[in-house]
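A.B. asks: got a structure for you, letters missing:
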């Protein structure tokens, strides 16, 4: 057994293998692909009879019997058709897999393995054999072989990515699998984008996803689409710690400046909501102007809404929420509000500051306070007679020295 494969316990890989098997359920996929668009009974009614017609008829009967690897008894009844298919057409590779399933149904696992490996060697496109070999590798604890077979299947049948990739994403939730995925993704296979998208839908896989992503990034300091998608999934699932961990690679916090990224609006947003996440509902909105170093906010008359937000990490300590306009005053009938509230569940009371020239709100984060909070900027034109806009020049949270 390869050394790499020994990292995983067979029990874990068995779970993974069964998940993969479910993704390529034979009745709906592999066997169906053989019989689709054909009429084997009609083909066998004329001479000379075609070997592929025998193969397809056997596959069709297995579909009707609901056959899969957990219910392979029906394959034994189709062995004669499979043998006839091979007698007439040596290239009828699915017939070899049907014979393998029949051997396994009779309890002859050794012969089944020989036949499945023969079918796989004959054609990498033979999905039934490939699926069985993935499951067999998983049962034996050879994770490297299982991943190699999945990668092999997707290289020759990229159209099957939608079947395999969700199961791979589930597999990433298992302990100890990161080295295998790193090896498989190192070549940047065609299915890698679909894989990362699928991972964001599996909350249990997110911790390993961050570890895997960090290992694959190496020294890269620029966030890509995968990183943005992963951060959004982490925030959605309230794994704020992991979101911050990943975010520090691309947007490190300068604690001498404060807890807010890009407080002076001098850069475009790159990894929201770990930096400024600009929001719009059609009546309120915001835009960054890095050249001028301002955040422009706007609202139609009679409307109000949160136009920008940022997830911030607030360790225990004393702080000041500071904000100031880039213009002299706010338009008549408008106001700017700053909210600081718990991200996720938490009993820490929210803070609210109303801008009147400047904001200077002092607060203390106790050891039992929420560590991750939403800093939200709300712009209101509820009392304005016409649309209103304003320009913010700076928003930050600075640590304060406690006076004893």
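C.D. replies: On my side now, so go ahead. Keep in mind that this is a model prediction, so the values were computed, not measured. Residues are numbered from 1 along each chain as shown.

A.B. asks: average pLDDT for the helix or strand residue 54 falls within?
C.D. replies: Residue 54 belongs to helix 51-64 when assigned by DSSP states H and E. The average of the pLDDT scores along helix 51-64 is 76.

A.B. asks: Packing partners of it?
C.D. replies: helix 30-35, helix 40-43, helix 73-77, helix 79-88, helix 93-105 (3 or more CB pairs under 8 Å, 6 or more residues apart in numbering; DSSP states H and E). From N, CA and C alone the C-beta is placed, and that goes for glycine too.

A.B. asks: distance between the ends of stretch 260-270?
C.D. replies: One end of stretch 260-270 to the other measures 14 Å (CA to CA, to the nearest Å).

A.B. asks: residues in contact with that stretch?
C.D. replies: 223, 250-251, 253, 257, 274-278, 288-290, 293-295, 310, 312, 375, 392-397 (CB atoms under 8 Å, 6 or more residues apart in numbering).

A.B. asks: tell me which residues in it are buried?
C.D. replies: For stretch 260-270, burial by neighbour count (16 or more other CB atoms under 10 Å) applies to 260-265, 269-270.

A.B. asks: Tell me the gap between that stretch and the middle of its chain.
C.D. replies: Distance of stretch 260-270 from the chain centroid (CA atoms, centre = their mean, to the nearest Å) equals 27 Å.

A.B. asks: What's the PyMOL syntax to select whichever of the contacts of stretch 260-270 are buried?
C.D. replies: Buried members of these, defined by 16+ other CB under 10 Å, are picked up in PyMOL with:
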select buried, resi 223+250+251+253+274+275+276+277+278+288+293+294+295+310+312+375+392+393+394+395+396+397
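
A.B. asks: I'd like the average pLDDT over whichever strand or helix holds residue 150.
C.D. replies: Residue 150 is part of helix 143-156, with elements assigned from DSSP H and E. Helix 143-156 comes out with an average pLDDT of 78.

A.B. asks: relative to helix 143-156, how tilted is the helix or strand just after that helix?
C.D. replies: Scanning forward in sequence from helix 143-156 by DSSP H and E, the next helix or strand is helix 161-171. Helix 161-171 runs at 160 degrees relative to helix 143-156, counting by axes from the mean of the first three to the mean of the last three CA atoms, to 10 degrees.

A.B. asks: which helices and strands does helix 161-171 pack with?
C.D. replies: helix 10-23, helix 143-156, helix 192-199.

A.B. asks: Show me what counts as buried in it.
C.D. replies: 161, 163-171.

A.B. asks: Can you give the distance of it from its chain's centre?
C.D. replies: Counting by CA atoms, centre = their mean, helix 161-171 comes out at 10 Å from the chain centroid.

A.B. asks: got the angle for it vs helix 192-199?
C.D. replies: 50 degrees.

A.B. asks: quick one: low-confidence parts of the stretch 51-200 of the chain?
C.D. replies: 63-75, 143 (pLDDT under 70).

A.B. asks: and if we set it to 90?
C.D. replies: Judged by pLDDT under 90, the stretch 51-200 of the chain has its weakly predicted residues at 51-95, 97-109, 123-177, 179-181, 183-184, 186-191.

A.B. asks: helix, strand or coil for residue 213?
C.D. replies: helix (DSSP: H, G, I helix; E, B strand; the rest coil).

A.B. asks: quick thing: my sequence starts at 37, can you match it?
C.D. replies: All set: I'll call the first residue 37, so the last point we hit is now residue 249.
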